[in-house]
Each structure stands twice: as structure tokens, then as C-alpha cells.
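> coordinates for the following, if possible.
(one chain, ligands or ions: 1)
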Amino acid sequence: MKQQIVYDMIVIGGGPGGYTAALYAARAGLNVLVVERLSAGGQMALTHQIDNYPGFVGGIDGYDLADRMQRQAHRFGALTEYAQVLEVRLREEPKAVVTENGTLLAKTVVFATGAGPKELGLDREKELTGRGVAYCAACDGMFYRGKEVVVIGGGNSAAADAILLSRVAKKVTIIHRRDTLRATRIYHTPLMKAPNVNFLWNSAAVELLGEEKVSGLRVRNLLTGEEQIISCDGVFISVGRKPASQLAEGQLTLDEKGYILADESTQTDIPGVFVIGDVRSKVLRQVVTAVSDGAMAVHYAEEYLARLEQ
Ligand code: NAP
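Residues are numbered from 1 along each chain as shown. The predicted structure follows:
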């Protein structure tokens, strides 16, 4: 009978953190497999322009950067399997990663599953998703060429989405629950200057309007309680992320928001299991912090593997 491969490391998720871990592991001589559901890059691949990843003077498209990171890791022998992970058994030795294609085994497992958009919780939000409700301007913005759209949120994602949309849509209205953006300063000036972007401060969306597709939004001023209807073709919801940590539930400790708990060492409470990138409990979720986590995880994984062999 053919013996099943036991990888030194399986990385779940092929975003920037995941492929950095794969690169470092492969260069350290470990046999490493990245299991990725769709294509390399995770959330980064949906970002049109990345200007804060060092080394790219004119910025770089996230999809392009993801492709480069994957090819670089593959160059040193890392492998990728495209499959959905259904279950993990982290306390077994070797650890088991169950995918739709079968069960994979590894001495160490790195969680690099990232985060996804948080829903706002409006009535009919799910029903109208894809019919006017959207969560990603880079993915769906082109459907709103010459149309009127609303962006809900005031963080970096909302600001980046609003800038992207201002280049295609006729009008962009940013609705934010406070009177100032949380987004980094660099976004403020272009948004304030764009002639087709306007703001509704201290305001919250209360009802999606439209039968088959979105035709407007009822908005409440949180200071006065007054309501108004904004007619629009699209509502981009950008109110933060939720961690993709479901696989870890019941096995690893999660923080109060559902992120997998680990400090900068990326070590979880199960030896040989690491968590990196946006799914880790941390202060700053950026491409640079994800890649830093990837390198760190391999450092501690090598220590762990050396102890296993003693
Ligand atoms: P975020 O920074 O957590 O911002 C979420 C925004 O949504 C905040 O303005 C928040 O309002 C608002 N919000 C949250 N819940 C809401 C609700 N129920 N109703 C209305 N508004 C609500 O999330 P993000 O912008 O998605 O970014 C996620 C992470 O990715 C961050 O760490 C961010 O820095 C990073 N990121 C970085 C860049 C970049 O550096 N270029 C680009 C994109 C994302 P309050 O302000 O009132 O809390």
C-alpha cells in the first residue's frame, strides 16, 4: 500500500501570510503544502492598488502581488493544492487537514485563513446581495459605471472603496456613523476633493429599498433622529471584517471577536499549530504584518520540528 505523505507543514490559506510561510518553509528545506480554496492572494487579490507594501514605487495590483508571492514560494519547492478545507484535527499526531479531496497529514499546521466582510445586519441584506448590495468595490464596482452608489463605513476599506467607485460611478455618498473617518489620513484629501463624493456624517442605514434590486436606502441622522431616503443603485457595505476562524472553533482559543489567539510568535495553544495574518488576534492588519507573521511562524515551526526529532 502506498504510504501517505506527512508534510512538515500545511498552510491553510494562500494569502500574503500563507505564501510567505510557504516561502520561508521551502527555503528551510521543509516540505510544505498550501491549501487554498480559490486562487492566491486572499483579500489582497481583491485590492486594486497597494501603495503601502515596500519595494513597489508606483504601487502594485494585489492580484499581481499575490501571483508573484505564489510563484516565488513555488520556485523553492512549495506546493499548492486547490481545495476547500472541511475540518482539522489538530491534537492528532500527525495533524489531519480534511479537504473535499481527502485527508492530508502534517507535523505542523499554519492557519492563514484571513478575514471576510462583516455584514451590517439590515433586513433583506442577504436577499439583495448581488442585486445592489455589495461588499467589494474592486470586484463589483464596474457594474455601477455612471450610476449612484452609497458606501457605508469610515475605515480604510470604505475609503479605498469610495475612491475606486468615484472613478466609475456618477455619484458616491459615504455614510458614516461618526463625524470623522477612521481611515488613514492619506485617504482624506482625495475623498474630500473628489467632485462626485459627498458625506453623510453621524448617520446610519436603516432600510434597504427596492423590490428585485436596490433602488435606495433609508438613512437616519443619529443626532437628530431625522430620516431621509437616498436613491441609489448600489450599496457597498464596508464596516469591517470578520475572521475566517470557523475551522479552529472548539480546538484553539479565540478572542472575543473570534480571531485566533496568539502573540507575535504566532504560536497557538496547541504545539505545532500557528496562526498568521488577518485571522490572528492583533492590532494592525496589513500585508506587511501578514508577511511578517509568515516568517515568524516558520521560525517557531522549525524549533518545534527539531524538538519532535529529538
Ligand atoms: P475597520 O478599520 O474596522 O473600519 C470599519 C468601519 O466601519 C469603521 O469606520 C466603523 O465605524 C464602521 N462600522 C463598524 N461597524 C459598523 C456598523 N454596525 N454600522 C456602521 N458602521 C460600522 O475595517 P476595514 O476598513 O474593513 O479594515 C479592516 C482592516 O484592514 C483594518 O485593519 C485596516 O486598516 C486594513 N486595511 C488597510 C488598508 C490600507 O492600509 N490601505 C486598506 C484596507 C484595509 P467607527 O469608525 O465608528 O468604528
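> please make it C-alpha for all contacts and neighbour counts, starting now.
OK.
> okay, and Lys2 sits in which element?
Per DSSP states H and E: Lys2 is located in neither a helix nor a strand.
> what parts of the stretch 151-300 of the chain come near the ligand?
By Cα under 6 Å from any ligand atom, the residues of the stretch 151-300 of the chain that approach the ligand are 153-158, 177-178, 182, 238-241, 284-286.
> contacting residues for Trp121?
Not quite, residue 121 is Gly, not Trp. For Gly121, the contact set (Cα atoms under 8 Å, 6 or more residues apart in numbering) is empty.
> shouldn't it be within a strand?
No: applying DSSP: H, G, I helix; E, B strand; the rest coil, one finds Gly121 to be coil, outside a strand.
> is stretch 44-57 in proximity to the ligand?
No: shown here: stretch 44-57 not in contact with the ligand (Cα under 6 Å from any ligand atom), separated by at least 6.7 Å.
> show me what contacts Leu305?
Contacts for Leu305 (Cα under 8 Å, 6+ apart) come out as 8, 107-108, 272.
> circling back: so which of the residues of the stretch 151-300 of the chain next to the ligand wins on neighbours?
Ala158 (28 neighbours; other Cα atoms under 10 Å).
> past the lowest-mean-pLDDT helix or strand in the chain, which element shows up next along the chain?
Least confident helix or strand, the chain: helix 137-140 with a mean of 89, by mean pLDDT, DSSP states H and E. As assigned by DSSP H and E, the chain's next helix or strand after helix 137-140 is strand 148-152.
> partner strands of that following strand, with direction?
Sheet pairing of strand 148-152 (DSSP bridges) gives strand 171-175 (parallel), strand 234-237 (parallel).
> I'd like the next helix or strand past the longest strand belonging to the chain.
When the chain is parsed with DSSP state E, its longest strand is strand 102-111. Beyond strand 102-111 on the C-terminal side, the first helix or strand identified by DSSP H and E is strand 115-117.
> avg pLDDT for whichever helix or strand comes after that following strand?
Note on strand 115-117: by DSSP H and E, the next helix or strand toward the C-terminus is strand 133-134. Averaging pLDDT along strand 133-134 yields 96.
> does strand 133-134 reach the ligand?
No: on the criterion Cα under 6 Å from any ligand atom, strand 133-134 is out of touch with the ligand, staying 13.4 Å away.
> show me what that strand packs onto, helices and strands only.
Judged by 3 or more Cα pairs under 8 Å, 6 or more residues apart in numbering; DSSP states H and E, the packing partners of strand 133-134 are strand 234-237.
> who does the helix or strand following the strand it packs on pair up with?
Note on strand 234-237: by DSSP H and E, the next helix or strand toward the C-terminus is strand 241-243. Based on DSSP bridges, the pairing partners of strand 241-243 within the sheet are strand 115-117 (antiparallel).
> all good on my end, thank you.
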